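>>> 3D model of this:
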Amino acid sequence: MRAVAQNECCISEGTCRLLNFLLLLFVAVIVIGIPVFGDVITYETVVSPGDSPEPVEVTIYIVDFNRFDVGAGSVGVDFYLQIRSDSNLSISDFELMNGVITSTNALQDTPHEKEYRIIAILTVEPDLSRYPFDRHTLSIKLEPKFKNKHEMVLLTNQEKNGINPEADLPGWTFTRNGSSVTNMTYMADEQPYSRIIFEYGIVRDTTSTIVKFFLPLLLIVLVSLSSLMMKISTRMGLNSSMFLAAVMIHWRIADNIPLVTYATILDWFMIITYATLVMVLVSGIFINRYSEVKNQVRVEQISFWSARIIPTISIMMYLLLVLSLIISG
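Reported below is the predicted structural model:
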């Protein structure tokens with residue numbers, strides 16, 4: 001009986017030692033494994049149905065735009081802003097991402113609905129490739145100041161948005177308006193924010209553009225081409241003065257826009273205009289040269305061909321420019 005008891009005691013002690021060894025091995029694996037696999041473990045924000053983002057409806061009604069400065073890339077705007085939500089939000093919970101609010105007047109202040117009259121200065125990124133037939137998009141971009149898209153999502157009702165029919169931007173015509181919602185991230189490891197964008201398209205008035213920009217230059221080209229009918233030396237002075245007038249007008253027009261790295265429609269128009277004036281000027285130089293040596297035959301030839309070739313080339317280049325404008329538009 002004593003031998004059996006000793007045997008059971010040995011078995012019990014062996015089992016305990018085995019269990020202790022396995023426990024120590026398990027703890028060692030855990031301790032060593034956490035640092036090893038720590039670099040490959042990724043953590044994701046899990047949004048449960050109970051933690052869904054708060055929907056906030058934002059609507060805007062434009063009263064007027066003013067002081068659109070293409071060179072500075074800025075425009076003034078006067079608008080009504082309505083905010084509807086389940087929580088008590090205000091304009092201080094939002095941020096204008098492409099401008100500065102200069103004046104805010106609260107018109108309605110209830111726990112679930114706010115309305116403001118806001119005056120702001122917006123920044124605009126002008127596209128001048130079609131200048132002076134340019135068109136631009138005036139945008140109002142809003143985001144929550146503190147809550148990301150997992151906490152708040154912005155919505156809008158297009159039927160409630162609008163623009164005052166009496167809104168007027170001198171020299172420009174309103175073409176369209178719309179809204180969209182997107183997400184915006186500013187840093188690689190940052191949660192995106194819900195952004196709502198209200199867009200209003202404008203295009204420069206075509207009639208005023210032609211009258212102010214192109215009519216003086218076209219008159220200069222017309223007078224210069226008309227001088228091809230002259231065979232006297234005084235046409236040199238006329239063509240020179242027309243060339244200088246075109247340069248001054250170009251300088252005056254281009255001074256209203258910032259320097260850009262691409263050619264505008266005005267640049268191409270002026271290149272054609274300069275080429276036309278130079279061809280007329282060169283033909284006058286040759287006529288003047290052969291007139292001095294009494295070579296009337298050569299004078300007649302230059303006068304005959306220049307009166308036919310130069311206007312044809314000039315008109316074809318202008319038509320190609322107009323065609324490219326129509327195709328791009």
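>>> V203 bridge partners, please.
For V203, the beta-bridge partners under DSSP bridges are R135, T173.
>>> quick one, helices of the stretch 151-300 of the chain?
For the stretch 151-300 of the chain, the helices defined by DSSP state H, counting those that start in this stretch cover 206-209, 215-226, 235-254, 265-292, 296-328.
>>> buried sites along the fourth one?
Going by neighbour count (16 or more other Cβ atoms under 10 Å), the buried part of helix 265-292 is 265-266, 268-270, 272-273, 276-277, 279-281, 283-284, 287-288, 290. (Each C-beta comes from the backbone N, C-alpha and C, glycine too.)
>>> can you name the element that comes right after the lowest-mean-pLDDT helix or strand in the chain?
Sorting the helices and strands of the chain by mean pLDDT, DSSP states H and E puts helix 2-37 at the bottom, at a mean of 47. Sequence order places strand 54-69 as the next helix or strand after helix 2-37, per DSSP states H and E.
>>> how far out from the middle of the chain is that following strand?
Centre-to-centre, strand 54-69 and its host chain are 17 Å apart (Cα atoms, centre = their mean, to the nearest Å).
>>> quick one: strands adjacent to that strand?
strand 74-84 (antiparallel), strand 152-155 (parallel), strand 162-163 (parallel).
>>> list the buried residues for that strand?
Quick answer for strand 54-69 (16+ other Cβ under 10 Å): V56, V58, T59, I60, Y61, I62, V63, F65, F68.
>>> again with stretch 181-194
Applying a neighbour-count criterion of 16+ other Cβ under 10 Å, one finds Y193, S194 buried in stretch 181-194.
>>> point out the most buried one among the helices of the stretch 151-300 of the chain.
Compared across the helices of the stretch 151-300 of the chain, helix 265-292 shows the largest average neighbour count, a mean of 18 (mean count of other Cβ atoms under 10 Å).
>>> that one to helix 235-254, inter-axis angle?
Calculated by axes from the mean of the first three to the mean of the last three Cα atoms, to 10 degrees, helix 265-292 forms an angle of 170 degrees with helix 235-254.
>>> other SSEs contacting helix 265-292?
Judged by 3 or more Cβ pairs under 8 Å, 6 or more residues apart in numbering; DSSP states H and E, helix 265-292 is in contact with helix 215-226, helix 235-254, helix 296-328.
>>> now the first one against helix 265-292, angle please.
By that I understand helix 215-226. Going by the same axes, to 10 degrees, helix 215-226 makes 20 degrees with helix 265-292.
>>> tell me what helix 215-226 is packed against?
With contacts defined as 3+ Cβ pairs under 8 Å, 6+ apart, helix 215-226 has these neighbours: helix 235-254, helix 265-292, helix 296-328.
>>> other residues contacting it?
238-239, 242-243, 245-246, 249-250, 269-270, 273, 276-277, 280, 310-311, 314 (Cβ atoms under 8 Å, 6 or more residues apart in numbering).
>>> tell me the gap between that helix and the middle of its chain.
For helix 215-226 - counting by Cα atoms, centre = their mean - the centre lies 35 Å from the chain centre.
>>> need the CA coordinates for that helix. CSV is fine.
This file holds the C-alpha atoms of helix 215-226, laid out as CSV (Å, rounded to 0.1, in the frame of the first residue of the first chain):
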residue,chain,number,x,y,z
LEU,A,215,-12.8,95.1,-82.6
PRO,A,216,-9.9,97.6,-82.2
LEU,A,217,-7.4,94.9,-83.2
LEU,A,218,-9.5,93.8,-86.2
LEU,A,219,-9.7,97.5,-87.4
ILE,A,220,-5.9,97.7,-87.2
VAL,A,221,-5.5,94.6,-89.3
LEU,A,222,-8.1,95.8,-91.8
VAL,A,223,-6.3,99.2,-92.2
SER,A,224,-2.9,97.4,-92.6
LEU,A,225,-4.3,95.0,-95.2
SER,A,226,-5.9,97.9,-97.0
